[in-house]
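Chemist: Could you look at this predicted model? Sequence included:
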Amino acid sequence: MKRYSLPVELRVALLYAIFGSLWILLTDQALNTAVSEPRFLALMQTYKGWAFVALSALFIYLLLRAESAQRRAARRAQSESEERYRQLFENSMDAILLTAPDGSIYAANPAACQMLERSEEEIKQIGRNGVVDARDARLQAALEQRARTGSFHGELTFIRKDGAKFPGEISTNQFVNREGLSRTSMIIRDISQRKQTEQALHASQEYLRALVDCSPMALYSIDLDGRVVTWNPSAEQIFGWSYAEVAGQPLPIIPADKREEFDRLRKQVIEGEGFRNLIVERQRKDGSRMHASLSVALLKDVENNSIGLLGALQDITELVQAERQLRQYAETVEWANIIIRDMDSRIVSWTSGVEQLYGWSKEEAVGSISHDLLQTQFPISREAVEQALMTDGVWEGELQHVCRDGSRVTVISHHVVHRDLQGNPVAILEVNTDITERRRAEEEVRRLNAELERRVRERTAKLAEVNKELESFTYSVSHDLRAPLRAINGFSQIIARRHAAALDDTARQYLQNTIQASEMMGQLIDNLLQYSRMGKTGMKLAPVALKEVIAPMAEELSEKLASIGAQLILPAELPRVLGDQTLLWQCFANLLENAITYRKAQVPLQIAIDWRPEGQMVVVGVSDNGIGIPAEHQEKIFLIFQRLHSQEDYPGTGIGLATVKKSVALMNGEVWVESQVGQGSTFYLRLPAA
Amino acid sequence: MMFPKHILLIEDNLMDVELTLNAIEEVKLGSKVKVANTGQQALDYLCGNGEYGDRGVHPLPDLILLDLKMPGMDGHQVLEIIKKTPLIKRLPVVILTSSQEHSDRARGYDNGANSYVIKPISYDGFLETIRAIARYWLQLNAQPPLQ
């Protein structure tokens, strides 16, 4: 609730009225009471009136004096205030503009004139729009805020006389002057310098940040208690801990056995003794150790108080390993067979390796002419070697050297010309690999090879001779045995045909036996010859349609099968196999013949051929319902001349299944039988599919 | 009745000769057989040398049955000479041998044999063989014109 203050004049009037009324009332009453004489009463009234006037005059005097004093004081205070304000206005280092809300300027202090590079009159003339950049997007918001709240503090863009813009910090307030008019004040500070400084500082900070972030070294800082404050990306990468994991925590990279060293170094740095490139051991998050080059410096604030330590660490694990390897390499090289000679072939370097190879010590060798010392034998002239070396920069060839003890060595020698920065040849590096033993071994191998070849030739000749003898034997068997056999059979037959009447029954029977025996022997000889010749000549492995082998065979056997009431069942389709047509014919002919031969007496023979694929092979089965084969004989029936029955029971030569087995083997297949006595047999042939 | 055909049998084995003659007789094709026991004798006959000069008495055969394994000049040599001799090179030569050797067959055909027949061991088979040879070469086959 607003306090209402009466004006002083009204207060005085009211007080006078109240006092006057009370005086009149009280004094009249008192006089009426105290004085009964009318003339005395009138006199007393007159005296009372004079007293009232005197008191009123005194009252008025006192009031007016107080008022006057107050006014003088107020005028004095105002005058002092105005003077202070004027001083402030005139001497302020900030620009002060006294403006109206509409933007007109009615006063500008010297600082404003200097800042804006205009006179006060010019400033007053151009108004706010001439000094504040109207295109500054913040201007409208600032005016609105000032209108709303009465003040605004912020940054705007200002314009000098030459049009140059500059950033300024502005504080503007709205007020009402003595005349009751709304006025505004603008205090402007040119912050160009500050902005530049800020930008420079920001740029510097950005530069530092980028430097720290992109540094390949791990850069980190810890406070005086050893807790991590900063941790750059390289530190994350090198050690494995992220910033979030280490911030505020004790530095985790110190191995337990290095803690004491770390504390000692920390204390040393805090005491003012930083260090650089100290080789230390640190650990990664995964527990692995690393070698590092560490530099540490003390961090201080603006007041030069120590606030922490800055560490710069470079992982030199690889460097250490490389140095180790280099050292090992150097040790190895020392034992390599390397000679360095100058352009006059004088030895300048002689490793322990060549010392061992040739027997000459460093002291004996250095300074000597290398080809003289080693009595080198070149494959071409030494001059030609040197020429090639100078032309190509390298030369390689086989050399013969004589060692200190007189023994000879053969080396593969690799020469390289070493040149200085101007390209002039200054030395020759010679690397010699001792191949003496290798050459000896090669010679031995050559000798053994020659011996082997001689033996192979001899054996081949012997084998050829044996083969020839075998062929001759086969020829003899095929010709010389058959001729007399034919005579035996032929003449026996002639006798049986023409002279049977002259013979008795026994003689005729014996004659028949002779005929049968000779025929059987002939069959045996033919089968044996066929078996022995298998695979020797004319075998060709090619795709063969089994249909083209079995169908004609079935046709050929049809009469014979019909005559014995037998049935041959074939599948609708037969596969193609990789084989020899003739051998396949022999196989199936033998199997079918066997099925016919070894049939059960009273049971009509049934032969079935079937097949199935098996990967890249084909399995063909020839089944019969014949007499079957006992399990214990199922392997030996494939051996030559192995028969399970007598000739009288089941005629045969005992070569058929051996022929089948050999034929199938020659075609990279296999044959086996599954059989039960009295149930029949199934012969399986596994052959490559085509 | 057909004109009788002449066969020259070149065979050194007397038993084989006997069997062959018996077989030829049994097949009853009315052939006349001249036997030469050696290659030289066969060539002399074919070339009309010496006692074989009279072609009226010793006519050229319509068919030569030639064994391979003979002492001295073997059947391959005889064949080679026959097939190189202009007067007789067209005469059909059937090699009749026990040899089943691939090399003998190859050489025989290379030298120009008209046929290669393996003598069966069994007499019945031999009869059938002779019958087939005679029927084909003496009855079915048209004789070559001689120069």
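Modeler: Cool, the structure landed.

Chemist: Show me the residue at the heart of chain B, geometrically.
Modeler: B:Leu65 (1.6 Å; CA atoms, centre = their mean).

Chemist: Show me what the helix or strand where A:Val671 lies is packed up against.
Modeler: Here A:Val671, judged by DSSP states H and E, is contained in strand A:670-676. Packing partners of strand A:670-676 (3 or more CB pairs under 8 Å, 6 or more residues apart in numbering or on different chains; DSSP states H and E): helix A:656-666, strand A:680-688. Backbone N, C-alpha and C define where each C-beta goes, glycine included.

Chemist: quick one: is whichever helix or strand the residue nearest to the centre of chain B is part of near chain A?
Modeler: Assigned by DSSP H and E, B:Leu65 belongs to strand B:63-66. No: Strand B:63-66 stays clear of chain A (CB under 8 Å from any CB of the partner chain), getting no nearer than 14.3 Å.

Chemist: got a list of what the closest residue to chain B within the stretch 451-600 of chain A touches?
Modeler: Proximity of the stretch 451-600 of chain A to chain B (CB to the nearest CB) peaks at A:Gly522, 3.0 Å away. Neighbouring residues of A:Gly522 by CB atoms under 8 Å, 6 or more residues apart in numbering or on different chains: A:482, A:485-486, A:489, B:120-122.

Chemist: Just the ones of the residues you listed in helices?
Modeler: Among those, the members falling in helices (DSSP state H) are A:482, A:485-486, A:489.

Chemist: Show me which of those are buried.
Modeler: For these, a burial check counting by 16 or more other CB atoms under 10 Å in any protein chain shown picks out A:482, A:485-486, A:489.

Chemist: With pLDDT and distance to B:Ile133 added, can I get those residues in JSON lines?
Modeler: Shown next, in JSON lines, are these (pLDDT from 0 to 100; distance: CB to CB, whole Å):
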{"residue": "A:Arg482", "pLDDT": "83", "distance to B:Ile133": "18"}
{"residue": "A:Leu485", "pLDDT": "88", "distance to B:Ile133": "21"}
{"residue": "A:Arg486", "pLDDT": "88", "distance to B:Ile133": "16"}
{"residue": "A:Asn489", "pLDDT": "90", "distance to B:Ile133": "19"}
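
Chemist: What's the per-residue pLDDT of the residue nearest to the centre of chain B here?
Modeler: On pLDDT, B:Leu65 comes in at 96.

Chemist: Counting neighbours, what do you get for A:Met667?
Modeler: For A:Met667, the neighbour count with other CB atoms under 10 Å in any protein chain shown is 22.

Chemist: Would you mind confirming that it makes contact with A:Ala542?
Modeler: No: using CB atoms under 8 Å, A:Met667 makes no contact with A:Ala542, being 10.5 Å away.

Chemist: intersection of neighbour lists for the two?
Modeler: With CB under 8 Å, 6+ apart, A:Met667 and A:Ala542 have common neighbours A:578-580.

Chemist: Centroid-nearest residue for chain A?
Modeler: So for chain A, CA atoms, centre = their mean, it's A:Gln237, sitting 15.3 Å from the centre.

Chemist: What about whichever residue of chain B sits closest to chain A, how many residues nearby?
Modeler: Here chain B gets closest to chain A at one residue, B:Ile121, 3.0 Å apart by CB to the nearest CB. Per other CB under 10 Å, the neighbour tally for B:Ile121 reads 26.

Chemist: same thing with the one 4 residues further on?
Modeler: Around B:Gly125 there are 17 other residues, counting by other CB under 10 Å.

Chemist: Which secondary structure element is home to it?
Modeler: Counting by DSSP H and E, B:Gly125 is found in helix B:123-134.

Chemist: which residues touch the residue nearest to A:Arg599 when sequence neighbours are not counted?
Modeler: With CB to CB, 6 or more residues apart in numbering or on different chains as the criterion, A:Arg599 has its nearest non-adjacent residue at 4.1 Å, and that residue is A:Leu605. Contact analysis of A:Leu605 by CB under 8 Å, 6+ apart lists A:561, A:564-567, A:595-596, A:599, A:624-626.

Chemist: Check B:Asn141 too.
Modeler: By CB under 8 Å, 6+ apart, the contact set of B:Asn141 is B:Pro92.

Chemist: And it, its phi and psi?
Modeler: With angles defined as degrees, to the nearest 10, B:Asn141 sits at phi -70, psi 140.

Chemist: and what of A:Pro216?
Modeler: According to degrees, to the nearest 10, A:Pro216 has phi -70, psi -10.

Chemist: residues near the nearest residue to it once chain neighbours are set aside, how many?
Modeler: Spatial nearest neighbour of A:Pro216, excluding adjacent residues (CB to CB, 6+ apart): A:Ser234 at 5.7 Å. Using other CB under 10 Å, A:Ser234 is surrounded by 21 other residues.

Chemist: same thing with A:Thr332?
Modeler: By the measure other CB under 10 Å, the count of residues near A:Thr332 is 11.

Chemist: what's the answer for B:Ser103, then?
Modeler: Neighbour tally, B:Ser103, other CB under 10 Å: 12.

Chemist: Report the rounded mean pLDDT for whichever strand or helix holds it.
Modeler: B:Ser103 belongs to helix B:102-110 when assigned by DSSP H and E. For helix B:102-110, mean pLDDT rounds to 93.

Chemist: just for the chain, where's the confidence low?
Modeler: Assuming you mean chain A. For chain A, applying pLDDT under 70 flags the ranges A:1-5, A:471, A:474-475, A:477-479, A:535-538, A:641-644, A:646-649.

Chemist: let's do chain B instead
Modeler: Counting by pLDDT under 70, chain B has low-confidence residues at B:1-4, B:147.

Chemist: buried sites along the longest helix along it?
Modeler: Across chain B, the longest stretch assigned as helix under DSSP H is helix B:14-27. By neighbour count on 16+ other CB under 10 Å, the buried set for helix B:14-27 is B:16-24, B:26-27.

Chemist: Now distance to B:Gly39 too, for the residues you listed, in a markdown table please.
Modeler: Converted to a markdown table, the buried residues of helix B:14-27 look like this (distance: CB to CB, whole Å):
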| residue | distance to B:Gly39 |
| --- | --- |
| B:Asp16 | 15 |
| B:Val17 | 15 |
| B:Glu18 | 20 |
| B:Leu19 | 20 |
| B:Thr20 | 17 |
| B:Leu21 | 19 |
| B:Asn22 | 23 |
| B:Ala23 | 22 |
| B:Ile24 | 21 |
| B:Glu26 | 27 |
| B:Val27 | 26 |
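
Chemist: and those near chain A, which?
Modeler: Near chain A, taking CB under 8 Å from any CB as the test, the members of these found are B:16, B:18-19, B:22.
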